[in-house]
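Peer 1: my questions concern the predicted model and sequence given below.
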Amino acid sequence: MNACGCDQAGLRPADEAIADLLAQVPSPPLAEWVPLGMALGKTLAEPVHALRPMPAWDNSAMDGYALRASDLPAEGGCLPLAGRIAAGDVASEVLPHGHAVRIFTGAPLPDGADSVVPQELARLEGEGVWLAPCHLGDHVRRRGEEYERGARVLEAGQHLRAPELGLLASLGIPEVAVRRRLRVGLLSSGNELREPGESLRPGQIYNANCYSLFGALRAWGVEVGDCGVLVDELSASRDALSLAASEWDVLITSGGVSVGEEDHLKQAVRDLGELHLWRLAIQPGKPFAFGHVCGTPWIGLPGNPVAALLTLLVIARPFLLAAQGRREVLPRALPVAAGFDWPKANTRRQYLRARLEGSDDGLLVVPHAHQGSAMLTGMCWAEGLAVVEAGRTLVAGETVGFLLLDSLLA
C-alpha cells in the first residue's frame with residue numbers, strides 16, 4: 001500500500017493519531033523466564049498469584065507490647081509481663097489472661113493477643129509494664145490483610161519497577177515470565193549530520209537526535225540499535241532500511257518526513273511497504289509518519305531535536321510500550337495552576353517545556369522563555385510539558401495539564 005495517508009482536511013489531532021497507532025500495534029515479543037534480579041524494567045508476561053496469604057500470620061506493626069485489649073482498663077494500666085517475642089520467633093504459648101508480652105515489629109502475635117501498644121506509650125514498672133489505653137486491633141497486621149492465598153497480585157503487562165520486584169520477592173518467587181525486550185532500530189536522515197567529535201564543515205550539524213532518542217528508548221526498557229545515517233541516495237536508503245527491517249522489531253527514523261518534501265527516505269519506504277504522512281495538530285512536531293518497511297513497523301519523526309524527542313515521548317511512546325506488552329501506556333496529565341498567560345489561541349495543541357515553581361497560592365507551572373523546536377536547553381531545564389489545548393486561551397491561575405518528564409521516560 002503506497003497511499004500517502006495525509007489528512008487533506010487539516011491537521012490530525014494527537015489523540016486520534018495515538019489511537020490509530022495503537023490499533024496497529026504488533027503482537028508483543030515472546031516470553032522468557034528470568035531470575036528476579038534481572039527482571040527490573042521488563043514487562044510481566046503472565047499474571048502472578050499469591051502462593052500464601054500476606055501477612056501469613058497476625059503480627060505486630062510496632063515495637064511494643066501485645067495484649068488482650070479487654071484486659072486493659074479504659075484509662076490504661078499496669079499488666080505483668082509473660083515473655084518476649086522477636087521477629088523470627090515462634091509464638092508457641094497462649095498469652096495468659098491479664099498479661100502482656102514484649103513484642104517487636106513483624107513478630108507473630110501469641111494466641112490470645114489481639115492488640116499492641118507501642119513502646120513509646122508504655123513504661124516498665126517493676127515486674128510489669130504500664131500501658132496507655134488502646135482499642136481492639138491497634139497496631140496489628142492481620143493474616144491475609146494485604147491479600148489472601150490465590151489472589152491475583154500482578155497483572156500481565158505490568159512494568160516491573162522496584163516495588164514490583166519487592167512484592168515478587170515477598171511471595172517467594174525466584175523467577176518470572178517477562179516479555180523479551182522490544183528491539184528498535186534507530187536511523188537518522190540527513191547528509192548534514194556528523195557524529196560528536198568530528199569536525200564540522202559549513203552547513204553541517206551534530207546528530208543530537210540519535211542520542212536523545214536512544215536515551216528515551218533505553219529508559220523504556222527497549223533494546224536499541226544505532227543503524228546509522230541514511231545517505232541521500234535512493235538505492236542506498238532502500239538497502240539500509242531493508243537490512244534494518246530484517247534485524248529489528250520496529251524502525252524509527254528522524255528527519256525527512258515533512259509533507260510535500262521530496263527526499264529518498266519517503267520514496268524508499270513507499271518502495272518497500274507502505275507510507276502514511278500525517279500533519280499533527282501539535283507544536284512542536286507537526287510532521288509525523290507511520291508505515292511498514294518489509295512488514296516491519298516504521299515510525300518517522302521530525303528532524304528538529306525538540307520536535308523529534310517530544311513527538312517520540314508523546315505520540316510514539318504509547319505504541320512502543322504497547323508493542324512490549326505493557327498495559328498502562330497513556331500518560332496522565334496533572335492539573336496544575338498556570339503561572340503564565342496564553343492570550344492567543346493556537347490551531348495546534350501546545351506542549352510547552354515547563355517546570356513547577358512554588359508560590360503563595362501553591363505550585364505554578366512556568367514555561368521556559370525559549371520554546372523553539374530546535375532548542376534542547378529548554379527541554380533540559382524543564383520538569384515536564386504544559387499542555388495548552390488547541391483553540392484555548394489562558395490566564396494565569398487557570399488550570400492547565402502538566403506531563404512530568406519523569407513519567408514520560410518510564
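Peer 2: Structure's in. What do you need?

Peer 1: and the helices in the stretch 51-200 of the chain?
Peer 2: 162-170 (DSSP state H, counting those that start in this stretch).

Peer 1: what are the boundaries of the strands in it?
Peer 2: Taking DSSP state E, counting those that start in this stretch as the criterion, the stretch 51-200 of the chain contains strands spanning 59-60, 64-67, 77-85, 100-103, 115-118, 122-125, 128-131, 140-141, 152-154, 175-179, 183-189, 193-194.

Peer 1: any idea of the mean pLDDT in the fourth one?
Peer 2: Throughout strand 100-103, pLDDT has a mean value of 97.

Peer 1: how far does stretch 149-157 sit from its chain's centre?
Peer 2: For stretch 149-157, the gap between its own C-alpha mean and the chain's C-alpha mean amounts to 19 Å (C-alpha atoms, centre = their mean, to the nearest Å).

Peer 1: re earlier: which of the strands of the stretch 51-200 of the chain has the lowest mean pLDDT?
Peer 2: Of all the strands of the stretch 51-200 of the chain, the segment with the smallest mean pLDDT is strand 193-194, scoring a mean of 92.

Peer 1: thinking again about what came up before, now distance to Leu404 and mean neighbour count too, for the strands of the stretch 51-200 of the chain, in JSON lines please.
Peer 2: C-beta: built from backbone N, CA, C; applies to glycine. Putting those into JSON lines (distance: least, C-beta to C-beta, whole Å; neighbours: other C-beta atoms under 10 Å) gives the following:
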{"stretch": "strand 59-60", "distance to Leu404": "37", "mean neighbour count": "24"}
{"stretch": "strand 64-67", "distance to Leu404": "39", "mean neighbour count": "28"}
{"stretch": "strand 77-85", "distance to Leu404": "44", "mean neighbour count": "17"}
{"stretch": "strand 100-103", "distance to Leu404": "42", "mean neighbour count": "26"}
{"stretch": "strand 115-118", "distance to Leu404": "37", "mean neighbour count": "24"}
{"stretch": "strand 122-125", "distance to Leu404": "44", "mean neighbour count": "13"}
{"stretch": "strand 128-131", "distance to Leu404": "46", "mean neighbour count": "20"}
{"stretch": "strand 140-141", "distance to Leu404": "33", "mean neighbour count": "20"}
{"stretch": "strand 152-154", "distance to Leu404": "24", "mean neighbour count": "16"}
{"stretch": "strand 175-179", "distance to Leu404": "25", "mean neighbour count": "20"}
{"stretch": "strand 183-189", "distance to Leu404": "23", "mean neighbour count": "23"}
{"stretch": "strand 193-194", "distance to Leu404": "31", "mean neighbour count": "18"}
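
Peer 1: between those, which one is nearest to Pro29?
Peer 2: Distances from Pro29 to each of those were compared by C-beta to C-beta, and the smallest falls on strand 175-179, at 5.1 Å.

Peer 1: can you give me the angle the closest one makes with helix 162-170?
Peer 2: In this structure, strand 175-179 runs at an angle of 140 degrees to helix 162-170, with axes from the mean of the first three to the mean of the last three C-alpha atoms, to 10 degrees as the basis.

Peer 1: now render the strands of the stretch 51-200 of the chain as JSON lines, adding distance to Leu275.
Peer 2: Conversion of those to JSON lines gives the following (distance: least, C-beta to C-beta, whole Å):
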{"stretch": "strand 59-60", "distance to Leu275": "62"}
{"stretch": "strand 64-67", "distance to Leu275": "69"}
{"stretch": "strand 77-85", "distance to Leu275": "70"}
{"stretch": "strand 100-103", "distance to Leu275": "69"}
{"stretch": "strand 115-118", "distance to Leu275": "67"}
{"stretch": "strand 122-125", "distance to Leu275": "74"}
{"stretch": "strand 128-131", "distance to Leu275": "76"}
{"stretch": "strand 140-141", "distance to Leu275": "59"}
{"stretch": "strand 152-154", "distance to Leu275": "39"}
{"stretch": "strand 175-179", "distance to Leu275": "28"}
{"stretch": "strand 183-189", "distance to Leu275": "14"}
{"stretch": "strand 193-194", "distance to Leu275": "22"}
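
Peer 1: what about Leu21, neighbour count?
Peer 2: Other residues near Leu21 come to 22 when the count uses other C-beta atoms under 10 Å.

Peer 1: again, but for Trp57
Peer 2: Each residue near Trp57 was counted by other C-beta under 10 Å, and the total is 14.

Peer 1: grab the nearest non-local neighbour of it.
Peer 2: Pro108 (4.8 Å; C-beta to C-beta, 6 or more residues apart in numbering).
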